[in-house]
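> heads up, no residue letters with this:
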C-alpha cells in the first residue's frame, strides 16, 4: 500500500494515516482479509467510528477515503455502490460576535470599574 501511495505522490503523513486506518479497519473486522469483505463491513466500521468512537466528520471521511483507496488502487475492487454509514455529527458552531444589543445588555449588567474597563476594551476594538 505504501508503494502505491508513493507512486501516486501522496504526502508521507497521508501515507501513514491511510495505512493506520486500513490496519484499524482490518483489526475491527477480526483480522479478515479485505478481499473477503465488502460494502456492509465498510459501512459497519464507519458507523462504529461515528456512533461508538465519536470521531469528527472529517476523521470519518479520512478513514473512508483510506479504505476506498485500498479497494480501488490496491485490491482493484472499486466500490461502485454508494456507502451509507451513520455520519458523524458536525459540531455546532457558537457565534463568534455579539450583536450591538447583546453588548449593550452585557455592559449595562456591569457596574463600577468592571463596567468602565469592559466599555473601554469594547470601544477600542
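All right, it came through fine. None of these values were measured; they are calculated from a predicted model.

> identify each buried residue in the helix ranked longest in the chain, please.
In the chain, ranked by residue count with DSSP state H as the criterion, the top helix is helix 12-28. By 16 or more other C-beta atoms under 10 Å, the buried positions in helix 12-28 come out as 14-15, 17-18, 21-22, 24-26. C-beta here means a position set from N, CA and C on the backbone, and glycine is covered the same way.

> same question, stretch 84-93
85, 88.

> likewise stretch 118-125?
Buried residues in stretch 118-125 (16+ other C-beta under 10 Å): none.

> contacts made by that stretch with the rest, please.
Here stretch 118-125 makes contact (C-beta atoms under 8 Å, 6 or more residues apart in numbering) with 103, 106-107, 110.

> which one of the buried residues of helix 12-28 is nearest residue 43?
For these, the minimum distance to residue 43 (C-beta to C-beta) is 11.5 Å, reached by residue 25.

> distance of residue 83 from residue 33?
20 Å (C-beta to C-beta, to the nearest Å).

> between those two, point out the one with more neighbours.
residue 83 (14 against 9; other C-beta atoms under 10 Å).

> pretty sure residue 48 sits against residue 28.
Yes. With contacts counted by C-beta atoms under 8 Å, residue 48 reaches residue 28, the gap being 6.9 Å.

> could you chop this structure up by domain?
According to automatic domain parsing, the chain comprises the domains 2-74, 94-125.

> ok, and which of those domains has the densest surroundings?
Counting by mean count of other C-beta atoms under 10 Å, domain 2-74 has the highest mean neighbour count of the domains of the chain, with a mean of 15.

> quick check, central residue of the chain?
residue 58 (2.1 Å; C-alpha atoms, centre = their mean).

> where's that one, which helix or strand?
If you go by DSSP states H and E, residue 58 is part of helix 57-69.
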